[in-house]
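Student: Just need the structure, nothing else, for what follows:
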Amino acid sequence: MTESPSVIWQIDEGVAIVRLNRPERLNALTLEMLDRLRHTLDEVVAAGARAILVTGEGRAFCSGADLASSEDRLTKRDLGDAVRAHYNPLAQTFAALQVPVVTAVNGAAAGAGVSIALSGDIVVAARSSYLLLAFANIGLVPDAGATWLIGRSAGRLKLLEMALLGERLTANAALDAGLVTRVADDDALLETALALARKLAAMPTVALGLIRKQAAVALSGTLSDLLEVEAVHQRRAADTSDFREGVAAFLDKRKPSFTGQ
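Tutor: A predicted model of the protein is given here:
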């Protein structure tokens, strides 16, 4: 296992299991931790991960920015610069990944922790977990892409309800709103999320990465944009070894063995 003070990770059966690792602070984010997580995402892909699972160590997923950290004394710094230099690059790294991401939300996901949780392509939430956009409660606005992620998944009214009122959204309510994919019993959270991540890791990796990009275009571009992207992506996918294996397995009536190439 490769370890840092704030993030730990390991690769198992093609899945990079990435854990936010400040349990004594409910995995509250420092600027160093944001940068470490961003670099970790790149590192695990370079190390051969074909899917990524992100979760929190201890009893919380991520409680948001560490307001008590001397590094992050909020009234003594330009928060716009901090957002541009640390939060935005993490959001952009999640969006640009070429492998699928599963997030396993345990306990609280608050503030920027909501953004990390909702950056998953598949979001599995523990039954006792909750999402909390608490920014307005201390006089701030959502950042780290939360407005974009929630608005595109749940719509304007749910976004404004969460952002303006600053109230907890339970796992079941998040499921109903389309913000999480599945709700699991607390003691089955990691097992459920890991099974999904392993399934993704055994699938044709190039095609899954292209699907991630295609979904983003579908939600932000025009139909003409999407149709052209589909054509470009189909050409790229058809040039992979996994496509050839998939067709051969179909014709042979056997289970395909994809390599991610």
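
Student: Any buried residues in stretch 14-33, and which?
Tutor: 14-22, 25-33 (16 or more other C-beta atoms under 10 Å). From N, CA and C alone the C-beta is placed, and that goes for glycine too.

Student: Quick check: helices, which of those are part of them?
Tutor: Leu31, Glu32, Met33 (DSSP state H).

Student: okay if I get these as JSON lines plus pLDDT and distance to Ala68?
Tutor: Formatted as JSON lines, those follow (pLDDT from 0 to 100; distance: C-beta to C-beta, whole Å):
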{"residue": "Leu31", "pLDDT": "94", "distance to Ala68": "14"}
{"residue": "Glu32", "pLDDT": "94", "distance to Ala68": "15"}
{"residue": "Met33", "pLDDT": "96", "distance to Ala68": "14"}
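
Student: Export these as a markdown table, with columns for distance to Gly145.
Tutor: Listed next are these as a markdown table, based on distance: C-beta to C-beta, whole Å:
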| residue | distance to Gly145 |
| --- | --- |
| Leu31 | 17 |
| Glu32 | 20 |
| Met33 | 17 |
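
Student: and which of those residues is nearest Ala248?
Tutor: The shortest gap between Ala248 and any of those belongs to Met33, at 45.0 Å (C-beta to C-beta).

Student: Distance of that closest one relative to His39?
Tutor: To His39, Met33 is 11 Å away according to C-beta to C-beta, to the nearest Å.

Student: just Leu29 next, same as before
Tutor: Counting by C-beta to C-beta, the gap from Leu29 to His39 is 14 Å.

Student: for Leu118, same thing?
Tutor: 21 Å.

Student: the more surrounded of the two?
Tutor: For Leu118 versus His39, the count of surrounding residues by other C-beta atoms under 10 Å is larger for Leu118: 25 against 15.

Student: Just the pLDDT at that one, thanks.
Tutor: We have a pLDDT of 98 for Leu118.

Student: Please apply the same query to Lys76.
Tutor: 57.

Student: Then the one 5 residues further on?
Tutor: At Asp81, the predicted lDDT confidence score is 90.

Student: next one: the one 3 residues further on
Tutor: What the model reports as pLDDT for Arg84 is 94.

Student: And the residue lying farthest from the centre of the chain, how close does it get to Ile150?
Tutor: Most distant residue from the mean C-alpha position of the chain: Asp252, 36.2 Å away (C-alpha atoms, centre = their mean). Separation of Asp252 from Ile150 (C-beta to C-beta): 45 Å.

Student: The strand or helix carrying His39: what's the following helix or strand?
Tutor: Per DSSP states H and E: His39 is located in helix 31-46. Downstream of helix 31-46, the next assigned helix or strand under DSSP H and E is strand 51-56.

Student: Any buried residues in the helix holding His39, and which?
Tutor: 31-38, 40-41, 43-45.

Student: got it, and stretch 85-92?
Tutor: Here stretch 85-92 shows His86, Tyr87, Leu90, Ala91 as buried, counting by 16+ other C-beta under 10 Å.

Student: Okay, Ala249 and Gly178: tell me how far apart.
Tutor: Following C-beta to C-beta, the distance that separates Ala249 from Gly178 is 33 Å.

Student: got it, and Thr205?
Tutor: Where Gly178 is concerned, Thr205 sits at a distance of 26 Å (C-beta to C-beta).

Student: Which one's more surrounded, the two?
Tutor: Neighbour count, other C-beta under 10 Å: between Thr205 and Gly178, Thr205 has more, with 24 against 13.

Student: Isn't the more buried one up against Ser241?
Tutor: No. Here Thr205 lies out of contact with Ser241, judged by C-beta atoms under 8 Å, at a distance of 10.7 Å.
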